[in-house]
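**Q** what would the 3D arrangement of this be:
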Amino acid sequence: MKVFDCLKQTSALRVSDGKIVPILTNRQSYSRLLVILWSQLGDFDTLEYAWWLNEKSSEIAANNIIVKAIGIGNRESGLKFCEYTKFSKENLFVDPNANLHEQLELYEGLSWNIPGLNDRQNAWVNLMLMCAGIGSKRTLKEVLRGYTGDKKAPQLIGEKEVVDTNILPPLKGSFFNLAGGKGFQRPFELATLRLRNMTEVLSNWKIYVPNAAYLTQRGATFLFDKKGNLLYEHRDQGVLGFAENMSNPLSFLSPNL
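**A** This next block holds a predicted model:
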C-alpha cells in the first residue's frame, strides 16, 4: 500500500482533545503536506526534530505547508512534549504501540533477545548498543558533530539566548563564540541543546516514555503535494539519524519555501 493511502486510512489519538480521529482529512487546504513519524516522544531524535520545526515554523506556515506528526506515546506524553517543544497539540497524534510504524515497515532498530531479560529490559540494552553505533548508521559521527561543531550548519543559539540544562550553569549564546566565532554551529553548541533535552526527559521519564518496549523503533519523514504524490521521503536508520542532512535537517523543504 502506498504511504499516502495508508495514512488516509489511519486514525490516531489527537493530543489536543484526546479524540481518535483520522490523521488526514479532506477539510484542510495546503500546498504541501509534511508527515513525520516520530519515535518515542522522549527520544533524542524526536525532541531535536521538533526544535528544527519550531525554528522554521514561520516559513513553513507562510508557504502553506501543513505538518502532521505521529509519535509513540500517550496523550499525557504528548501534552508534555508540546509544552516543552512548543509543537502544536492540534497537529500531534500519538500511537502507543507503534502500529503505523509497523504498517509502513520502518526500521525497528536492534531487536536482540537476551536470555533472562523481559521486553523492556531488552529494549534498553538494544538502545544502548545503538547509541554506541551498533545497528545504528552514522550515530557516532553525529554524536561527535555535536561536540566538534559544524561550519555547514547554522548557528543554533542566539547571542543573547540563555540555555539552562539544569546540570551546567546557564550559558549565554555568546559564550560559544569563545570556541571559534559565530554564524555557524559552534563546538559544544548542539551537545548543549541535546543535554538540555536529556535532562528534560530523564526528569519526566515515566511521562515521556510510558512503554519502554519501543525505545529502539525509528521513524520517517514524508512530504506530499496537494494531490498526495510523494515528493520526498527519509526512513531513519539509527539514533540521531532523523534527516538525510543533519547539518540542516529541513533542507529538503528548500524548493518549497
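**Q** how far away is residue 166 from residue 57?
**A** Separation of residue 166 from residue 57 (CB to CB, to the nearest Å): 25 Å. Placement of C-beta: from N, CA and C, glycine included.
**Q** try residue 229
**A** Applying CB to CB to residue 229 and residue 57 gives a distance of 24 Å.
**Q** of those two, who's got more company?
**A** More crowded of residue 229 and residue 57, by other CB atoms under 10 Å: residue 57, with 14 against 10.
**Q** need the residue closest to the centroid of this structure.
**A** A centroid search over the chain (CA atoms, centre = their mean) returns residue 46, at 2.1 Å, as the residue closest to the centre.
**Q** could you look up the SS state of that residue?
**A** In terms of secondary structure, residue 46 is helix; the call rests on DSSP: H, G, I helix; E, B strand; the rest coil.
**Q** next up, the contacts around it.
**A** 38, 39, 40, 71, 81, 219, 242 (CB atoms under 8 Å, 6 or more residues apart in numbering).
**Q** 6 Å instead, please
**A** Residues near residue 46 by CB atoms under 6 Å, 6 or more residues apart in numbering: 38, 39.
**Q** how about low-confidence regions in the chain?
**A** 1, 27 (pLDDT under 70).
**Q** and the strands in the stretch 101-250 of the chain?
**A** Shown for the stretch 101-250 of the chain, the strands assigned by DSSP state E, counting those that start in this stretch span residues 162-163, 171-172, 220-225, 230-235.
**Q** distance of residue 119 relative to residue 215?
**A** For residue 119 relative to residue 215 (CB to CB), the value is 10 Å.
**Q** which one's more surrounded, the two?
**A** Legend: neighbour count by other CB under 10 Å for residue 119 and residue 215, higher for residue 215 (24 against 13).
**Q** picking up where we left off before, what would the strands of the stretch 101-250 of the chain look like in TSV with distance to residue 198 and mean neighbour count?
**A** What follows is those, written out as TSV (distance: least, CB to CB, whole Å; neighbours: other CB atoms under 10 Å):
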stretch	distance to residue 198	mean neighbour count
strand 162-163	13	15
strand 171-172	15	16
strand 220-225	23	20
strand 230-235	24	15
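**Q** save those as TSV, and put in distance to residue 64 too.
**A** Compiled in TSV, the strands of the stretch 101-250 of the chain are given as follows (distance: least, CB to CB, whole Å):
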stretch	distance to residue 64
strand 162-163	32
strand 171-172	36
strand 220-225	12
strand 230-235	14
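**Q** residue 179: which of these is closest?
**A** strand 171-172 (11.3 Å; CB to CB).
**Q** right, I'll leave it there.
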